[in-house]
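A.B. asks: starting from these lines, generate the structure:
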Amino acid sequence: MDPKSVVRRFVEEVQNGHQLADLERHFRPDYVDHATPGGLPPAEGADTIEAFRRFYGGILQAFPDARVTVEDMIAEGDLVVTRKTLEGTHRGELWGQPPTGKTARLEVIDIFRVVDDRLAEHWTQLDFLALARQLGLRPPGY
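C.D. replies: Next comes the predicted model:
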């Protein structure tokens, strides 16, 4: 499978299908996330697949109708870059704050390295401050 197809499958099955139980099918066992969301590194020795499960599970708790749209996808060798938009309605707790019922959009840039049809490495850029402003919330650290 070509790297773009691997990333498309991940977006559809995991991010849009909300299938977090079988992440090992999408991630290599030695998967490394170089830029964890929120800028906080995982605890030393943390299972980064489990860290992704907790992070995206938190997104789905806050935005149970979350839907990711791939706006652009560019591939070079084993690297795939996506510019995506995550949209959803804030119906669950986020950053310890109650739901607002507002719909919000989160712009995301992801870079994945694909090895043997699975995600091996990941870098990301998220704008949590813009998300917080849309919802009228205060993000962590501000």
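A.B. asks: switch to C-alpha atoms for all contacts and neighbour counts from now on
C.D. replies: Noted.
A.B. asks: count residues in the vicinity of residue 68, would you?
C.D. replies: As a burial measure, residue 68 scores 19 neighbours (other Cα atoms under 10 Å).
A.B. asks: isn't it up against residue 86?
C.D. replies: Yes: Residue 68 is in contact with residue 86 according to Cα atoms under 8 Å; the separation is 4.4 Å.
A.B. asks: tell me which residues of the strand or helix carrying residue 8 come out buried.
C.D. replies: For residue 8, the host element (DSSP states H and E) is helix 3-10. Across helix 3-10, burial judged by 16 or more other Cα atoms under 10 Å covers 3, 4, 6, 7, 10.
A.B. asks: can you put those in CSV and add pLDDT and distance to residue 114?
C.D. replies: Supplementary listing: those in CSV, determined by pLDDT from 0 to 100; distance: Cα to Cα, whole Å:
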residue, pLDDT, distance to residue 114
3, 98, 6
4, 98, 9
6, 98, 8
7, 98, 8
10, 98, 11
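A.B. asks: tabulate the residues you listed (JSON lines), appending distance to residue 139.
C.D. replies: Shown next, in JSON lines, are those (distance: Cα to Cα, whole Å):
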{"residue": "3", "distance to residue 139": "34"}
{"residue": "4", "distance to residue 139": "32"}
{"residue": "6", "distance to residue 139": "32"}
{"residue": "7", "distance to residue 139": "29"}
{"residue": "10", "distance to residue 139": "27"}
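A.B. asks: and the residues you listed, which is closest to residue 18?
C.D. replies: residue 10 (10.2 Å; Cα to Cα).
A.B. asks: number of nearby residues for the spatially closest residue to that closest one that is not a sequence neighbour?
C.D. replies: Closest residue to residue 10 apart from its sequence neighbours, by Cα to Cα, 6 or more residues apart in numbering: residue 26 at 6.5 Å. For residue 26, the neighbour count with other Cα under 10 Å is 20.
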